[in-house]
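Enquirer: Take a look and give me a structure for this.
(one chain, ligands or ions: 2)
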Amino acid sequence: MSEPTHGSTVEQEEVVLKDTSDHDEIAIETTGPDGSVLLEVDHVTLRFGGVVALNDVNFQIRRGEILGLIGPNGAGKTTCFNAMTGVYTPTEGKIRFKGTEIAGTKPHKINQLGIARTFQNIRLFPEMSAMENVMVGCDARHKTSVPGALFRIYRQRPKEEELPDNGIRRAFAKVFGISRHTLEERAGRRRSMELLRFVGIADRAHELARNLPYGYQRRLEIARALATEPELICLDEPAAGFNPAEKEDLMGLIRRIRDLGHTVLVIEHDMKLVLGVTDRIVVLEFGQKIAEGTPDEVARNPKVIAAYLGEPDDAA
Ligand SMILES: Nc1ncnc2c1ncn2[C@@H]1O[C@H](COP(=O)(O)OP(=O)(O)O)[C@@H](O)[C@H]1O
Ligand SMILES: [Mg+2]
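Expert: Ligands and ions are numbered 1, 2, ... in the order given. Reported below is the predicted structural model:
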């Protein structure tokens, strides 16, 4: 499979950087699945006028686990994500991330703290390429200020592998250094490409997001969320609209995301799918938590069977 050859300078840099890329780079440091609490939803109630979207909901997400959040349509799953990521402020209750209260904090701030999400209805920058969409996520991690980026003020001595191939540019960079902004931009580009490869869509890195097939767009959203180096990644129905084979693939990807060291919260409608990939499951119905446990426990729970599965046979 060949990479797209658009012949831009971006592309050339890509090739150079790819050879030196360190594949461990996308791994983040965490303590692994040690069972300690990463996020806590503590008696959260959220009302929209007369609608009680969440009613005294309580659960914890443990470091390193894949936690499933399931329930029928309108159960409050997305609202729960929205409360955790700063879109809505709970009417009552607290949400703590690593022990710090985050309810009511602005979404970008929560992202900086280490929580990223994808959306039930895909949200990408349609007129940007796949790679640029991921670079936006990487940018959230950059240190250079806007004036610093504009005037390329801060220069630093590049490492050997960061030097340009071109002789004159190379000599110049050796003497005067390379601006921190340029180095960050290149690192972002390299990392974006790795993430696209990781989610399996690198073959169309340079295509506009809006022209990508639906499944690619879903994966691109995941890559962009990962680019912000989240400790916790929340996926809102990532397999919606997928056929069974694509769903199976996606579950594999979710496992690999966890193996990189991220904690994963996944909303999913397909009960069987969730049973196969999650460590624990929380079940919501009409805004209330009706069950919590291992996939086996949840699948056998009569309340869950009645509320969500309809037929006991579906639990198998
Ligand atoms: N912004 C909103 N304004 C009013 N009601 C809302 C809003 N968002 C969600 N709701 C209501 O909250 C309930 C839970 O919705 P949601 O969290 O989207 O469910 P789920 O994701 O489980 O399908 C539904 O009754 C929905 O209509
Ligand atoms: Mg939803």
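Enquirer: How about Glu285: which residues does it bridge to?
Expert: Here Glu285 sits in beta bridges with Gln288, going by DSSP bridges.
Enquirer: for it, what are its contacts?
Expert: Gly71, Pro72, Ala75, Lys303, Ala307, Tyr308 (C-beta atoms under 8 Å, 6 or more residues apart in numbering). Glycine gets a C-beta too; all of them are placed from N, C-alpha and C.
Enquirer: Recalculate using a threshold of 6 Å.
Expert: Neighbouring residues of Glu285 by C-beta atoms under 6 Å, 6 or more residues apart in numbering: Gly71, Ala75, Ala307.
Enquirer: who's in contact with the last one?
Expert: By C-beta under 6 Å, 6+ apart, the contact set of Ala307 is Glu285.
Enquirer: is it true that Leu273 touches Asp249?
Expert: No - with contact defined as C-beta atoms under 6 Å, Leu273 does not reach Asp249; the gap is 11.2 Å.
Enquirer: The two: which is more packed in?
Expert: Between Leu273 and Asp249, Leu273 has the larger neighbour count (other C-beta atoms under 10 Å), namely 21 against 16.
Enquirer: and the helix or strand encompassing the more buried one, how far out from the chain's middle?
Expert: For Leu273, the host element (DSSP states H and E) is helix 271-277. With C-alpha atoms, centre = their mean, to the nearest Å as the basis, helix 271-277 stands 19 Å off its chain's centre.
Enquirer: Same question for stretch 43-60.
Expert: The answer for stretch 43-60 is 24 Å, by C-alpha atoms, centre = their mean.
Enquirer: CA-only coordinates of it, as PDB, when you get a sec.
Expert: Extracted in PDB, the C-alpha atoms of stretch 43-60 (Å, rounded to 0.1, in the frame of the first residue of the first chain):
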ATOM      1  CA  HIS A  43     -24.700  11.800  42.700                       C
ATOM      2  CA  VAL A  44     -25.100  13.800  39.500                       C
ATOM      3  CA  THR A  45     -28.600  15.100  38.600                       C
ATOM      4  CA  LEU A  46     -29.100  17.100  35.400                       C
ATOM      5  CA  ARG A  47     -32.400  18.700  34.400                       C
ATOM      6  CA  PHE A  48     -33.400  20.400  31.200                       C
ATOM      7  CA  GLY A  49     -36.500  22.300  32.300                       C
ATOM      8  CA  GLY A  50     -38.900  19.500  33.200                       C
ATOM      9  CA  VAL A  51     -36.800  16.700  31.800                       C
ATOM     10  CA  VAL A  52     -34.600  14.900  34.200                       C
ATOM     11  CA  ALA A  53     -31.800  13.600  31.900                       C
ATOM     12  CA  LEU A  54     -29.700  12.300  34.800                       C
ATOM     13  CA  ASN A  55     -31.100  11.400  38.100                       C
ATOM     14  CA  ASP A  56     -28.700  11.000  41.000                       C
ATOM     15  CA  VAL A  57     -26.200   9.000  38.900                       C
ATOM     16  CA  ASN A  58     -23.200   7.600  40.600                       C
ATOM     17  CA  PHE A  59     -20.300   5.600  39.200                       C
ATOM     18  CA  GLN A  60     -16.500   5.600  39.000                       C
END
